[in-house]
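Trainee: The following block contains a protein sequence and its predicted model.
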Amino acid sequence: MSALTPSQTVGPYFRIGLEWPAAWRLGEACDLTLRGRVLDGDGVPVTDALLEIWQADADGNYFTNGAHGAHGFRGFGRCAVDAAGAYRFQTIKPGAVAAPDGGRQAPHINLLVMARGLLQHLYTRVYFPDDAALHEADSVLGCVPAARRHTLIARPAAQEFTFDIHLQGEHETVFFAL
């Protein structure tokens with residue numbers, strides 16, 4: 001009988017599959033930049049995080065089984081943060097998607113955070129400030145206390161959006177239990 005191996009909190013990770021060239025760019029005609037930083041509870045950059053995003057296309061459609069939309073849009077991206085905890089994705093503005101209750105969810109990007117020390121991946125969403133009218137009808141955003149919803153709204157900045165991810169602390173981003 002062999003001995004049990006020690007448990008792992010996260011990983012092990014293998015580099016194969018993680019080094020996907022230009023995975024931060026979700027297609028050829030992407031005109032929206034989403035950038036930000038991953039920060040710990042003290043506001044210190046987390047320098048070893050890996051982020052994944054997935055989203056609908058401009059018409060609110062998700063792609064499955066490796067399908068691509070117009071201009072090679074694939075709806076999925078991956079990006080490691082740099083030494084300052086910064087990330088960048090080049091994508092498109094997603095459309096509103098169908099909700100299970102028959103309504104529509106406000107345009108959003110699903111975001112997954114992986115990093116050393118996290119026992120589980122963290123899931124959140126990035127919403128856009130110009131869709132405020134649709135936020136009220138979004139059933140997922142409606143589950144978030146009103147005082148915390150601002151942590152899920154990207155900030156507009158010249159030709160791009162900024163979305164900082166705070167893993168804990170006073171400005172902690174809302175994460176969803178999936």
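Mentor: That came in fine, so what should we check first? Numbering: from 1, shown residues only.
Trainee: Help me confirm that residue 133 is found in a helix?
Mentor: Yes. Assessed with DSSP: H, G, I helix; E, B strand; the rest coil, residue 133 lies in a helix.
Trainee: And it, how close does it get to residue 104?
Mentor: 11 Å (CB to CB, to the nearest Å). C-beta here means a position set from N, CA and C on the backbone, and glycine is covered the same way.
Trainee: which one of those two has more residues nearby?
Mentor: residue 104 (16 against 8; other CB atoms under 10 Å).
Trainee: burial measure for the closest residue to that one other than its chain neighbours, as a count.
Mentor: Excluding the flanking residues, the one nearest residue 104 by CB to CB, 6 or more residues apart in numbering is residue 96, at 4.3 Å. By other CB under 10 Å, 18 other residues sit near residue 96.
Trainee: With residue 21 instead?
Mentor: 6.
Trainee: Going by residue numbers, what spans are strands in this structure?
Mentor: In the chain, the strands defined using DSSP state E lie at 32-39, 50-55, 76-80, 86-91, 97-98, 104-105, 108-114, 122-127, 155-157, 160-162, 165-166.
Trainee: Could I get the ones you listed in a markdown table, plus columns for distance to residue 137 and mean pLDDT?
Mentor: Formatted as a markdown table, these follow (distance: least, CB to CB, whole Å; pLDDT from 0 to 100):
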| stretch | distance to residue 137 | mean pLDDT |
| --- | --- | --- |
| strand 32-39 | 22 | 97 |
| strand 50-55 | 19 | 94 |
| strand 76-80 | 26 | 92 |
| strand 86-91 | 23 | 96 |
| strand 97-98 | 12 | 92 |
| strand 104-105 | 7 | 92 |
| strand 108-114 | 13 | 96 |
| strand 122-127 | 12 | 97 |
| strand 155-157 | 21 | 93 |
| strand 160-162 | 21 | 96 |
| strand 165-166 | 25 | 98 |
